[in-house]
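> can't give you the sequence, but here's the structure:
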């Protein structure tokens, strides 16, 4: 396994851009991702999303550290979570809910399969 080093994640150039899969508002939020490393049941990378509301449907456990932006995550079960730059969160596997991105969000993440 190689060591993955994401240098200066706040301004790292992101490679891929796609509209979110299940948008709930206009304008439709657009996500970007780069430097994804997959090995031994783990995926890591840097991700960005423009403002908007959309449904989260990732089934993997995910740890993320928020580098920039502001949002609220409204889980299907539980209370809304206000998130801002500097925060970190661990989503258990099969956590679903709604992202409400108020300010372009950027995070580093680890998905655990």
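Cool, the structure landed. Here the structure is a predicted model, which means the values were calculated and not measured.
> buried residues in stretch 63-75?
In terms of neighbour count (16 or more other Cβ atoms under 10 Å), stretch 63-75 has its buried residues at 64, 66-73. In short, each C-beta sits where N, CA and C put it, glycine included.
> er, stretch 4-11 I mean
Across stretch 4-11, burial judged by 16+ other Cβ under 10 Å covers residue 9.
> direction included, what does the lowest-mean-pLDDT helix or strand in the chain pair against?
Across the helices and strands of the chain, mean confidence by mean pLDDT, DSSP states H and E is lowest for strand 30-39: a mean of 84. Using DSSP bridges, the neighbouring strands of strand 30-39 in the sheet come out as strand 16-19 (antiparallel), strand 42-49 (antiparallel).
> tell me what the residue nearest to residue 36 when sequence neighbours are not counted is bridged to.
Closest residue to residue 36 in three dimensions, ignoring its sequence neighbours and counting by Cβ to Cβ, 6 or more residues apart in numbering: residue 45, at 4.0 Å. Partner residues in beta bridges with residue 45, using DSSP bridges, are residue 109.
> where in this structure is pLDDT low?
Scanning the chain for pLDDT under 70 picks out 1.
> okay, strands next: where are they in it?
Ranges of strands within the chain are 16-19, 30-39, 42-49, 52-56, 61-75, 81-84, 88-91, 97-112, based on DSSP state E.
> contacts for the least confident helix or strand of the chain?
1-2, 4, 6, 12-20, 43-50 (Cβ atoms under 8 Å, 6 or more residues apart in numbering).
> swap the cut-off to 7 Å and go again
Around strand 30-39, the neighbours that count as contacts under Cβ atoms under 7 Å, 6 or more residues apart in numbering are 1, 4, 6, 12-20, 43-50.
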